[in-house]
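Q: got a structure for you, letters missing:
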């Protein structure tokens, strides 16, 4: 059995909700990877633009210079935090979808029990696995996503403090 067939069998065992969790997971990890690429490749260029904009200021101790500095820092924070709210939303959505998979799996178990009675454990096993697999998948994705979400938030905080230190206001 190939890897693709095994993955497809696992997703089918978890029911339709597991396919939705897979889609959410792909979106989540795409956004997380995009933020890491942003900080590695794009942000250094932006930071040099911010610094050159600040260096062009003749009088760095005026009220106008203070507003320009605050504007540069705000623009940098907005740029760095661009997809963080979406990442946080997707992280919060994964356990809820896992719970939905649990409910749909238990409904399947109760349907089997209503038709065959409580003595047919083999018939109930597919519903039980359909109930537990989405829960596990949703929690695993949420925990890993939460870790990387906090890592990105910490990076945003560190970079914004570093930029604030670089933009000296006399």
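A: Now that the structure is in, tell me what you want to look at. Since we're looking at a predicted model, the values are computed, not measured.

Q: And the top helix by length along the chain, what does it pack against?
A: Longest helix of the chain, by residue count under DSSP state H: helix 121-166. Packing partners of helix 121-166 (3 or more C-beta pairs under 8 Å, 6 or more residues apart in numbering; DSSP states H and E): helix 3-13, helix 16-37, helix 43-55, helix 63-80, helix 84-116. Using the backbone N, CA and C atoms, a C-beta is placed for each residue, glycine as well.

Q: The nearest residue to residue 19 once chain neighbours are set aside: how many residues sit nearby?
A: Distance criterion C-beta to C-beta, 6 or more residues apart in numbering; nearest residue to residue 19, sequence neighbours excluded, is residue 11 at 5.7 Å. When neighbours are counted by other C-beta atoms under 10 Å, residue 11 registers 17.

Q: Residue 11 and residue 4, how far apart?
A: Distance, residue 11 to residue 4, by C-beta to C-beta, to the nearest Å: 11 Å.

Q: Outside of stretch 3-17 itself, list whatever touches it.
A: Stretch 3-17 has contacts (C-beta atoms under 8 Å, 6 or more residues apart in numbering) with 1, 18-19, 21-22, 97-98, 100-101, 104-105, 108, 126, 129-130, 133-134, 137.

Q: Show me which positions of that stretch end up buried.
A: 11, 14-15, 17 (16 or more other C-beta atoms under 10 Å).

Q: before we move on, the earlier item: I'd like the helices and strands packed on helix 121-166 laid out as TSV, including mean pLDDT and distance to residue 122.
A: Formatted as TSV, the helices and strands packed on helix 121-166 follow (pLDDT from 0 to 100; distance: least, C-beta to C-beta, whole Å):
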stretch	mean pLDDT	distance to residue 122
helix 3-13	84	15
helix 16-37	95	21
helix 43-55	94	56
helix 63-80	93	54
helix 84-116	88	9
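
Q: Quick one, which of those gets closest to residue 149.
A: Evaluated with C-beta to C-beta, these place helix 84-116 nearest to residue 149, the distance being 5.1 Å.

Q: for the buried residues of stretch 3-17, which one is nearest residue 65?
A: Nearest to residue 65 among the buried residues of stretch 3-17, with distances taken as C-beta to C-beta, is residue 17, at 54.7 Å.
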